[in-house]
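Student: I would like the atomic coordinates for the input below:
(one chain, ligands or ions: 1)
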Amino acid sequence: MKSVRIGEIVLKNPVVLSPMAGISSLPFRIICNEMGAAYSPTELVSARSIRYNGVDKSFRYMRISPEEEGITAIQLFGSEPEDFEAAVDTILNTQVLKDVSIIDINMGCPVPKVVKTGSGSALMEDPARAADIVRACKKAVEGLPRKIPVTVKTRTGFNAGDNGKPDFAKALADAGCDMICVHGRNRPQMYHGESSSEAIALMREAVRGYDIPFFANGDITDADSAARIIEQTGCDGIMIGRAARGNPWIFEQVTAGLAGTDIPKYPDSLARKQMLIRELEGRIKYLPEDVAVREFRSVMPYYIKGIPGAAAIKVRLVSAVSFDEVKEIIDLV
Ligand SMILES: Cc1cc2nc3c(=O)[nH]c(=O)nc-3n(C[C@H](O)[C@H](O)[C@H](O)COP(=O)(O)O)c2cc1C
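Tutor: I've put the predicted structure just below:
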């Protein structure tokens, strides 16, 4: 495995957890990094909200723990360069956030609520604005004793039929972006159909002449698909999303596969149930128990998928209200 550098940050390997709203909780990110992920960004947080309301309102989504996570990354979304500059400035002036390693910009979200405001994947239709946003973030991190890289996660296009936007990737690189990650689907594809390695490769080639790493994302489910996307796109690193839900072990498997060492076996039912409980305990540390359990309901089925009897307890898990209740239900299988 090649070592990858983002700005001055050297990654232990090229495998990163892809940010996922509702999934990328701090305890889950810590677990993924322990299992081998080089780092794990937060889910998307509104730059505008941080600018006008301060960090309190969205703090729970961007809580980081450099001691436990190692490299940390906060992902912001928005459409106004000034919002980003102010948000990054606020983050860097907030005691519990100021040590963040990387600022990531979301230019891929396909959700109508986000797109409607000109944010997320809508920025692919306005490369000049996207470049201004990168420059605004770069400006906000300028002059610090420590260099904070500004990265972008995007898609292969905004419109149906778009199959890679090389000029968009180039515009980001020209603006000084320190890493680009491309998910191989366009906006209307949301998460359906196949992620296109060809479309990713097109964008990869466009920025080959720049001294920045390029990451590929989409449909990586194991060591083989990881090796394949690297080979097909010529990317420097990969991000893994959905396949990591309830399955942080994917990071030890993929990193072993890429390093050419034996791939650890998928853990047994007991280890998976213990990990479920560990993540829930972690969530309860930061949230009221009932809120944490409710939010964890949609995640739990991923941890127990395939365990004999899982289907029967799933129905009960998705209406659980307390930690004890979850434990009791989990112990049934
Ligand atoms: C539930 C869910 C939430 C997501 N939230 C975000 C997000 O907050 N920021 C982001 O950049 N991408 C988000 N994504 C997209 C993923 O990071 C990733 O790009 C996509 O799922 C494709 O990768 P995969 O095939 O490995 O899942 C989300 C995806 C899912 C399924």
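Student: just checking, what's the longest helix in this protein?
Tutor: Counting by DSSP state H, the longest helix found in the chain is helix 269-286.
Student: What helices and strands are in contact with the helix or strand of the chain with the lowest mean pLDDT?
Tutor: Ranked by mean pLDDT, DSSP states H and E, the weakest helix or strand in the chain is helix 310-317, scoring a mean of 92. On a contact count with 3 or more Cβ pairs under 8 Å, 6 or more residues apart in numbering; DSSP states H and E, helix 310-317 meets helix 300-304, helix 323-330. In this view, the C-beta of every residue, glycine as well, is placed from N, C-alpha and C.
Student: Which of these sits closest to C181?
Tutor: C181 lies closest, by Cβ to Cβ, to one member of the helices and strands packed on helix 310-317: helix 300-304, at 22.5 Å.
Student: can you list contacts of the closest one?
Tutor: 245-247, 269, 272-273, 275-276, 279-280, 310, 313-314, 317-318, 326, 330, 333 (Cβ atoms under 8 Å, 6 or more residues apart in numbering).
Student: any residue of that helix up close to the ligand?
Tutor: No. Using Cβ under 6 Å from any ligand atom, helix 300-304 never reaches the ligand; the gap is at least 10.9 Å.
Student: The residue of the stretch 151-300 of the chain found nearest the ligand: neighbouring residues, count only.
Tutor: Nearest to the ligand in the stretch 151-300 of the chain, going by Cβ to the nearest ligand atom, is G241, at a distance of 2.8 Å. Look at G241: counted by other Cβ atoms under 10 Å, it has 18 neighbours.
Student: ok, it - contacts?
Tutor: By Cβ under 8 Å, 6+ apart, the contact list for G241 reads L17, S18, P19, M20, N217.
Student: at 6 Å what do you get?
Tutor: S18, M20 (Cβ atoms under 6 Å, 6 or more residues apart in numbering).
Student: Reformat the helices and strands packed on helix 310-317 as JSON lines; add mean neighbour count.
Tutor: Listed next are those as JSON lines, based on neighbours: other Cβ atoms under 10 Å:
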{"stretch": "helix 300-304", "mean neighbour count": "21"}
{"stretch": "helix 323-330", "mean neighbour count": "17"}
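Student: So which of those is nearest Q95?
Tutor: Across the helices and strands packed on helix 310-317, Q95 has its closest neighbour in helix 323-330 (29.8 Å, Cβ to Cβ).
Student: quick revisit: tabulate the helices and strands packed on helix 310-317 in CSV, adding columns for mean pLDDT.
Tutor: Output for the helices and strands packed on helix 310-317, formatted as CSV (pLDDT from 0 to 100):
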stretch, mean pLDDT
helix 300-304, 97
helix 323-330, 97
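Student: So which bits of the stretch 201-333 of the chain are right by the ligand?
Tutor: Taking Cβ under 6 Å from any ligand atom as the contact definition, the stretch 201-333 of the chain meets the ligand at N217, G218, D219, I220, I240, G241, R242, A243.
Student: Right, I'll call it a day here.
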